[in-house]
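[1] what's the 3D shape of this:
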Amino acid sequence: NLMPGVYTVTEQSIDKYVPQEVHRVTVVAGQVATVNFNNVLKRGNLQVIKSSEDNLVEGVKFHLYGTSLAGIAVDEYAVTDKNGVATFKDVLISGSTPYTLEEVDTEIRYVVPEKQTAPIKWNEVTNRDFTNILKKFSVTVTKSDREKRHCSGRRKTLRCCLRNL
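    Numbers count the residues shown, from 1 in each chain. Next comes the predicted model:
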């Protein structure tokens, strides 16, 4: 029941959708005028920077998971390149509850890094850093003679870390 004329139509923006452009429509008496809006969920990116004590940073796998602002489950994986960078592209925004980001299949020579939270915001890149620390240990060696007796004063302690195991 609109009067004939030119109208400007806008869709009220909802936080999980990309804002829509304003549409102009001409209403003619006795005809139907149609305006279409396509809702597109907001997305962002996450970049993970990997470092390690032994500088082995290529091929490290990361897992990003949680529930998006739209209520859709997010369960994605990314692997680092030769520079130690893993990128999650076009991830649904997380809203007030950030996603969880973890390193998976961590090599045995490293201490497993703690999980981190990762909020994903619209049209932004979130950055997170993960560092692998080599596991360290010490070994005490006791020298003994053929009769399995300990030789006094022959104890040595080696301090090591796990490398290339």
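
[2] Would you state the secondary structure element containing K50?
    With elements taken from DSSP states H and E, the one containing K50 is strand 43-52.

[3] how about stretch 127-142 as CSV, C-alpha atoms only?
    Below are the C-alpha coordinates for stretch 127-142, written out as CSV (Å, rounded to 0.1, in the frame of the first residue of the first chain):
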residue,chain,number,x,y,z
ASN,A,127,48.0,-12.4,15.6
ARG,A,128,49.2,-15.1,17.9
ASP,A,129,52.7,-16.3,18.7
PHE,A,130,53.7,-19.9,19.7
THR,A,131,57.2,-20.9,20.8
ASN,A,132,58.6,-24.4,21.1
ILE,A,133,61.0,-24.9,24.0
LEU,A,134,63.3,-27.9,23.8
LYS,A,135,62.8,-30.4,26.7
LYS,A,136,65.8,-30.4,28.9
PHE,A,137,67.2,-33.1,31.2
SER,A,138,70.3,-34.1,33.0
VAL,A,139,71.9,-37.5,33.2
THR,A,140,74.3,-38.8,35.8
VAL,A,141,76.9,-41.3,34.5
THR,A,142,78.7,-43.5,37.0
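
[4] average pLDDT for that stretch?
    In this model, stretch 127-142 has a mean pLDDT of 87.

[5] List the buried residues of that stretch.
    By 16 or more other C-beta atoms under 10 Å, the buried positions in stretch 127-142 come out as 128, 130, 132, 135. For the C-beta atoms, the positions are set from N, CA and C on the backbone; glycine is no exception.

[6] Closest to Q12 out of those?
    Using C-beta to C-beta, R128 is the member of the buried residues of stretch 127-142 that sits closest to Q12, with 33.7 Å.

[7] Quick check: the gap between that closest one and F137.
    29 Å (C-beta to C-beta, to the nearest Å).
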